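J.: Requesting a structural model of the entry that follows:
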Amino acid sequence: MDLTPTIAPVSASIAWILPVPQAVTAAAIHHEKWGELDQTKGWDLAEIDTRWWHGRQPTAAVRDRASWFVRSRLATAVTADAHSLISLRPGGLPSLAAAGVCVAAIELRRHTDGVDLDAVCLHLNLDGDAQQRPDLVAQLLRRPGRAWHLAGPDVDRNAFLHDVEQLLGDHGLVAKLTQGGYLYCGKGSRSEVRPQILTHLILNGEVPPPPLLQDYQNWDVHQQWAYALASGANAELYFRLPPDRREAAEASTTWLGHTMIRSEQDGAAFISTREVDRPSVENVDTQLLVHGRFLDLTVLAMRQQFFLERHANELVETARTFGGADEHDDLGEVIGHEERLLRFRNRLWFTGVPSRPEGTAVLRLLQSQYGSPELLDDIAGEQADMVRILELRDSRRRRIAGERAEESRRQQTELTQRQQDEQQRTRQVVETGVALLTPPAVLSGLAALLVDPSWRLFLGTFLVSLTVVVLALLFLRSRRS
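T.: Predicted structure coming up:
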């Protein structure tokens with residue numbers, strides 16, 4: 001390794017989080033190397049390596065996962081819906097052993113909340129050369145294809161990639177680490193969520209700045225190391241360095257006691273700013289939080305980002321066919337999106353940890369770097385637009401249906417009126433016929449009773465009947481007029 005400049009930290013450790021599809025973890029959970037984990041208590045780093053504690057023990061509240069997330073819906077997402085398997089003696093990465101990188105434990109985190117993403121966490125302890133240049137280790141873990149040559153001749157890139165594949169394979173996980181730092185588990189299985197690295201560093205004495213930001217005048221050395229470890233950037237290949245300004249040095253930063261916390265898109269760094277020659281209780285608690293509760297929150301934030309990105313892609317696919325001829329398909333898809341987003345909000349979307357301001361600060365830093373709140377707002381806005389469009393289309397359909405119903409009623413009314421008029425005319429014709437035929441028949445019958453039938457009788461009765469009918473018609477016409 002290139003060890004210029006060097007630092008002499010009291011302690012340095014890394015939690016390396018690799019997202020894995022659930023299809024891969026489901027095939028590995030029964031592997032013999034995994035040990036069962038008590039989900040109520042979490043796991044204790046003291047079981048791995050007592051040198052991490054330097055004779056001190058973390059407080060009980062920090063050790064106990066269940067009590068740390070007590071009385072909140074978040075506890076269900078972190079404990080009840082999340083299960084871990086752990087290997088306390090997992091083997092190592094031979095390519096990094098000479099540099100001082102030790103794999104203290106490997107942890108498999110599985111979830112049952114419906115989001116198809118699990119995580120494999122490697123808990124690394126840095127010693128020797130790696131402890132003096134943790135920024136090079138961070139670069140190597142994040143992007144092996146870009147940072148390998150910075151680690152000098154002691155670390156071979158291909159050997160490192162093979163070691164990671166071998167370590168995972170020994171635990172039933174069939175996956176390869178790509179040069180970009182992703183886990184490749186087969187065609188179409190690579191997650192778009194980047195792996196994350198949480199680095200905890202306890203410094204002591206005067207510390208030189210990392211080469212990445214050694215010329216910066218407005219950043220103090222702790223801010224420089226925090227950015228270098230959180231971003232995994234290097235001066236030769238990383239061109240998006242922040243400006244040398246005070247506001248940039250303080251961006252994405254919060255504090256936990258004397259520990260500076262900085263978050264970037266590829267992870268977070270926890271830098272102790274108090275000079276000590278051995279870890280204090282605060283340092284020990286912070287280290288366990290990094291490898292425990294803060295790791296829980298990081299996995300939660302990663303899975304939130306995974307769901308939101310996948311959901312956004314589904315909305316894009318829906319938008320391509322939205323507004324087609326079949327409105328029932330549009331309605332069904334929009335309802336499905338709304339139901340999935342509602343379940344996500346209820347089961348997985350949290351922006352704070354009740355009664356734990358340090359947990360809330362870390363979670364919001366991670367979410368801010370991932371852009372999750374903005375993406376959630378965009379998704380909610382797009383779905384609201386789809387719902388609004390469906391409502392407008394339904395309103396238009398109802399209006400058109402109402403107009404058609406009104407037109408149908410009008411036509412029916414006209415038809416009924418025409419039928420009534422026809423019936424009235426028919427009745428008038430019948431009445432007129434009856435009026436015309438009745439008088440002659442009556443007069444002829446009466447006359448036949450009095451005299452013998454003859455043509456004179458017929459002619460007389462006809463003329464009398466005709467006179468009566470004419471008078472009757474004239475009377476009816478005068479009444480109508």
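J.: Let me see the domain layout of the chain.
T.: Domain ranges of the chain: 11-296, 305-401, 402-480, per automatic domain parsing.
J.: Doesn't residue 405 belong to a helix?
T.: Yes: per DSSP: H, G, I helix; E, B strand; the rest coil, residue 405 lies within a helix segment.
J.: What is the burial count for it?
T.: 10 (other CB atoms under 10 Å). (Glycine included, C-beta is placed from N, CA and C.)
J.: what's near enough to touch it?
T.: Residue 405 makes no contacts at all, as judged by CB atoms under 8 Å, 6 or more residues apart in numbering.
J.: Now do it, the pLDDT please.
T.: Listed pLDDT for residue 405 reads 90.
J.: and the residue nearest the centre of the chain, how far is that from residue 316?
T.: In the chain, the residue lying closest to the centroid (CA atoms, centre = their mean) is residue 308, at 2.5 Å. Noted for residue 308: a distance of 13 Å to residue 316, by CB to CB, to the nearest Å.
J.: How about residue 263?
T.: Residue 263 is 28 Å from residue 316, by CB to CB.
J.: The two - which one has more neighbours?
T.: Using other CB under 10 Å as the criterion, residue 263 and residue 316 rank with residue 263 on top: 29 against 9.
J.: my read is that one is in a strand, agree?
T.: Yes: under three-state DSSP, residue 263 falls within a strand.
J.: so who does it touch?
T.: Contact analysis of residue 263 by CB under 8 Å, 6+ apart lists 230, 252, 253, 362, 365, 366, 368, 369.
J.: Thought residue 229 was touching residue 135, still the case?
T.: Yes: using CB atoms under 8 Å, residue 135 is in contact with residue 229, at 6.0 Å.
J.: So for these two, which sits in the more crowded spot?
T.: Neighbour tally, residue 135 and residue 229, criterion other CB under 10 Å: the higher count belongs to residue 229, 31 against 25.
J.: what about the more buried one, which helix or strand?
T.: Under the criterion of DSSP states H and E, residue 229 resides in helix 221-231.
J.: Equivalent analysis for residue 316, please.
T.: Residue 316 belongs to helix 293-321 when elements are defined using DSSP H and E.
J.: what mean pLDDT does the host helix or strand of residue 158 have?
T.: Here residue 158 is covered by helix 157-169, with elements defined by DSSP H and E. Averaging pLDDT along helix 157-169 gives 90.
J.: And for stretch 341-356?
T.: In this model, stretch 341-356 has a mean pLDDT of 91.
J.: Help me confirm that the residue nearest to the centre of the chain comes into contact with residue 372.
T.: Yes: the pair residue 308 and residue 372 passes the contact test of CB under 8 Å, sitting 5.9 Å apart.
J.: circling back to that earlier point, state the next helix or strand along the chain beyond the helix holding residue 229.
T.: Heading C-terminal from helix 221-231, the first helix or strand you meet, by DSSP H and E, is helix 246-250.
J.: mean confidence score for that following helix?
T.: Mean per-residue pLDDT for helix 246-250: 94.
J.: Contacts for it, please.
T.: Under CB under 8 Å, 6+ apart, the answer for helix 246-250 is 216, 218, 219, 220, 223, 227, 242.
J.: Give me the buried positions along it.
T.: Residues of helix 246-250 classed as buried under the neighbour-count rule (16 or more other CB atoms under 10 Å) are 248, 249.
J.: re the thing from before, specify the next element, helix or strand, located C-terminal of the helix holding residue 158.
T.: For helix 157-169, the following helix or strand on the C-terminal side (DSSP H and E) is strand 176-177.
J.: which helices and strands sit right next to that following strand?
T.: For strand 176-177, the packing partners by 3 or more CB pairs under 8 Å, 6 or more residues apart in numbering; DSSP states H and E come out as helix 157-169, strand 183-184.
J.: List the contacts of the longest one.
T.: Pointing back at helix 157-169 there. When contacts are defined by CB under 8 Å, 6+ apart, helix 157-169 is touched by residues 90-96, 103, 106, 120, 122, 140, 144-145, 148-149, 174-177, 179, 183.
J.: Filter those residues down to the buried ones, PyMOL style.
T.: Here is the PyMOL command that picks out the buried ones among the contacts of helix 157-169, judged by 16+ other CB under 10 Å:
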select buried, resi 90+93+95+96+103+106+120+122+140+144+148+175+176+177+183
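J.: Of the contacts of helix 157-169, which belong to helices?
T.: Among the contacts of helix 157-169, the residues falling in helices (DSSP state H) are 94, 95, 96, 140, 144, 145.
J.: can you tell me which residues contact the first one?
T.: Taking CB under 8 Å, 6+ apart, we find residue 94 in contact with 159, 163.
J.: and the gap between residue 260 and residue 406?
T.: In this structure, residue 260 and residue 406 are separated by 72 Å, where distance is defined by CB to CB.
J.: ok, the two, which is more surrounded?
T.: Between residue 260 and residue 406, residue 260 has the larger neighbour count (other CB under 10 Å), namely 21 against 10.
J.: Doesn't the more buried one belong to a strand?
T.: Yes: Residue 260 forms part of a strand when assessed by three-state DSSP.
J.: Name the nearest residue to it, sequence neighbours excluded.
T.: Nearest non-adjacent residue to residue 260, counting by CB to CB, 6 or more residues apart in numbering: residue 271, 4.7 Å away.
J.: secondary structure element for the one you found?
T.: Element membership for residue 271 (DSSP H and E) is strand 267-272.
J.: what's the spacing between that strand and its chain's center?
T.: Strand 267-272 has its C-alpha centroid displaced from the chain centroid by 26 Å (CA atoms, centre = their mean, to the nearest Å).
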